[in-house]
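*Asks:* Provide a 3D model corresponding to the input given below.
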Amino acid sequence: MDTRTPHPSTARPPRHTARWAVAAALWSLLYVASKVQYALADRLGVTGGPAVPADSYTGFGPGGVAAAQWANTGVGLAVALLFLLAALPVARRVPRWLSLPPLGAVALMALAGAVGMVYRDLAEGSGGTVFGLYCLVWAVLSAKVLVGLARARG
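*Replies:* The predicted structure is shown next:
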């Protein structure tokens, strides 16, 4: 029985971490789909998010709302791609200082979204608990990938 540790450049991310990464990527695509829908409708907001007051549109010129939503779509796609890359064998070759901060940022932003949306809805009745709970799941998935990759690298 070979008990040697595989060289980091040939080792794969642990199977469970890769699965969490794929789940997080797929979960991210739900956000992307919502942003595409809102961009096409030229609407502010997100599915399950708080109601957006009409005066929120005043700061946008013609096509500005759609452009902002398309930019958010791009961010969501970048996050999904980040998670998909974390599921690949190449993830083990990327230095920790380069890969873990973006994953940590996604986890923290999703957690902040969860807390902010749920708190605001409870405090003001703004709506948004559904998106807050979505963000909570996103934060947990992100943290699972982050911790899995951090542990895999020893």
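*Asks:* phi, psi of the closest residue to residue 18 other than its chain neighbours?
*Replies:* Among residues not flanking residue 18 along the chain, residue 87 sits closest, at 4.2 Å (CB to CB, 6 or more residues apart in numbering). Just so you know, the C-beta spots here come from the backbone N, C-alpha and C atoms, and that holds for glycine as well. The phi/psi pair for residue 87 (degrees, to the nearest 10) reads phi -90, psi -10.
*Asks:* which helix runs longest in the protein?
*Replies:* helix 96-124 (DSSP state H).
*Asks:* list the buried residues of the helix or strand just after that helix.
*Replies:* Downstream of helix 96-124, the first helix or strand assigned by DSSP states H and E is helix 129-152. Of all the residues in helix 129-152, those buried under the rule 16 or more other CB atoms under 10 Å are 129-132, 134-136, 138-146, 148-149, 152.
*Asks:* also stretch 43-63?
*Replies:* Applying 16+ other CB under 10 Å to stretch 43-63 flags 44, 45, 46, 48, 49, 50, 52 as buried.
*Asks:* wait, the last one sits on residue 46?
*Replies:* What it means is residue 52. No - Residue 52 lies out of contact with residue 46 (CB atoms under 8 Å); the separation is 9.3 Å.
*Asks:* quick check: neighbours shared by these two?
*Replies:* Counting by CB atoms under 8 Å, 6 or more residues apart in numbering, residue 52 and residue 46 have no shared contacts at all.
*Asks:* residues in contact with stretch 67-82?
*Replies:* 25-26, 28-29, 31-32, 35-36, 38-39, 43-44, 60, 102-103, 106.
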